[in-house]
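# Task: produce atomic coordinates for the following.
(one chain, ligands or ions: 1)
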Amino acid sequence: MGFITSEALAETGYVVLDDHDQASDPAEWLDLTYIPWRSSGVTRFAPLASYAGEIECNGFWNQTPPRSDKDGVWVESQVAIAPTLQRRALESGAGVGRCRVIELQPNEYADAVYNLHQDDNNRLNEEGTGWVVRGYYNLSDDTDSLLLLRSDRFDPATEIRLPLRQGSRIIVDTQRFWHAVWHRGTAPRFALITSWTSGPELDAYIAANHGDPHPPTVDLDPRLVDDAQVELHRRIEERRRVFEAQGIVMEPRADLSV
Ligand SMILES: [Fe+2]
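Modelled structure (predicted):
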C-alpha cells in the first residue's frame, strides 16, 4: 500500500521555499526554555510541541504508550512566549508532530560530516497514512552556514549544500537523507524544526511558497572535503575502538536531529 508522500518532494527529496521575512518577526526564540538533548553537535532544544505537552524532546515512539511522530501536543508555556513560531508551524495546514527550536553552537565542516545522520521520523507510522518529513526554518542569519544533505553517507559526491540565511525555509525528507549543519558563525544558530505529515495540505503549501526542488548548491574546496572524509573515517574507527574496549556493540546513530 505504501505511504502518502509529497509530490513536491518526489523528485529530489527536498525543496527550498521562498524566504520568509524573518527580520519583521519578534525574536521569540530568545525567550524560550531550552533543554539539553542528544543531537548533532553541541545543541540545546526548546520544544514547542511534544508527545504530551511537556518540555522534552523524545520521539513519540519512545514513550509510553508509544505512537508515531504525529499529533504533537503544544507546550502551553512555550507557545505563550512564541505564538509567531507556533503559527508558522501551523501555517502549512499539515499535521504537526514534534516542533522545536534548535540552538546549535558553531562547528567545523569535518564535525558536520561526522554528525551526518538520518532521522527516525516514521517509526510506528502506518502505511496508508502520511510520511513524516521536516521543515527547517532559519531564525538567525547564518548566511555562511550550510545544511548538508547526502544520499550516501560516505560519498561526498552526493552532497547537497544549502545556505542558511535568515528566513530560509527548507523542507526535507530527513529519513531519506544523511544530514547535518555546518555552522560557521560565531554565535549560536537558531532554527525552527517541525515534523509535518505529508499529504495534499503540505503539497499545496509548498506550491504556494514556490518550493524549488533544484536550488543552487554551494561549492567547497575539494581539499576541505577530502580532509573531512579522512577525519570522518578516523573518528568512526576511534569510536569503534572505544566501544569495543567497553564490550559494547556499536549501534547505528538514529534519531539525532539537526
Ligand atoms: Fe536530523
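# Show me what the longest helix along the chain is packed against.
Identified as the longest helix of the chain according to DSSP state H is helix 222-245. Counting contacts by 3 or more C-beta pairs under 8 Å, 6 or more residues apart in numbering; DSSP states H and E, helix 222-245 is packed against helix 109-115. Every C-beta, even on glycine, is put in place using the N, C-alpha and C of the backbone.
# avg pLDDT for the helix it packs on?
Regarding helix 109-115, the rounded mean pLDDT is 96.
# helices and strands around it, which ones?
Packed against helix 109-115 by the contact rule (3+ C-beta pairs under 8 Å, 6+ apart) you find strand 142-150, strand 178-182, helix 222-245.
# Report the contact partners of P106.
H183, R184, G185, T186, A187, P188, R189 (C-beta atoms under 8 Å, 6 or more residues apart in numbering).
# was I right about the second one contacting T143?
What it means is R184. No. Here R184 lies out of contact with T143, judged by C-beta atoms under 8 Å, at a distance of 9.1 Å.
# Of those two, which one has the most company?
Comparing R184 with T143 by other C-beta atoms under 10 Å, the one with more neighbours is R184, at 17 against 13.
# tell me the contacts of that one?
When contacts are counted by C-beta under 8 Å, 6+ apart, R184 touches P106, D142, D144, S145, L146.
# Redo those as a markdown table? Include pLDDT and distance to the ion.
What follows is these, written out as a markdown table (pLDDT from 0 to 100; distance: C-beta to the ion, whole Å):
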| residue | pLDDT | distance to the ion |
| --- | --- | --- |
| P106 | 96 | 18 |
| D142 | 97 | 17 |
| D144 | 97 | 21 |
| S145 | 98 | 15 |
| L146 | 98 | 15 |
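# burial count for the closest residue to the ion within the stretch 101-250 of the chain?
At 4.2 Å from the ion, D119 is the closest residue in the stretch 101-250 of the chain, using C-beta to the ion. The number of residues packed around D119, counting by other C-beta under 10 Å, is 26.
# With A49 instead?
22.
# Quick check: it is in a strand.
Yes. Counting by DSSP: H, G, I helix; E, B strand; the rest coil, A49 falls inside a strand.
# Bridged to it, which residues?
With DSSP bridges as the criterion, A49 is bridged to W74, C99.
# Name all residues that make contact with it.
Applying C-beta under 8 Å, 6+ apart, the residues near A49 are G72, V73, W74, V75, A89, V96, G97, R98, C99, R100.
# could the residues you listed go into CSV alongside distance to the ion?
Conversion of the contacts of A49 to CSV gives the following (distance: C-beta to the ion, whole Å):
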residue, distance to the ion
G72, 16
V73, 21
W74, 22
V75, 20
A89, 17
V96, 17
G97, 13
R98, 11
C99, 14
R100, 12
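# Make a markdown table out of the residues you listed and add neighbour count and pLDDT.
Listed next are those as a markdown table, based on neighbours: other C-beta atoms under 10 Å; pLDDT from 0 to 100:
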| residue | neighbour count | pLDDT |
| --- | --- | --- |
| G72 | 23 | 97 |
| V73 | 14 | 98 |
| W74 | 18 | 98 |
| V75 | 25 | 98 |
| A89 | 24 | 98 |
| V96 | 22 | 98 |
| G97 | 24 | 97 |
| R98 | 25 | 97 |
| C99 | 27 | 98 |
| R100 | 30 | 97 |
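# and of the residues you listed, the nearest to E56?
Nearest to E56 out of the contacts of A49 is V75 (C-beta to C-beta; 9.1 Å).
# Am I right that the closest one is in contact with F45?
No. Under the criterion of C-beta under 8 Å, V75 is not in contact with F45, lying 11.4 Å apart.
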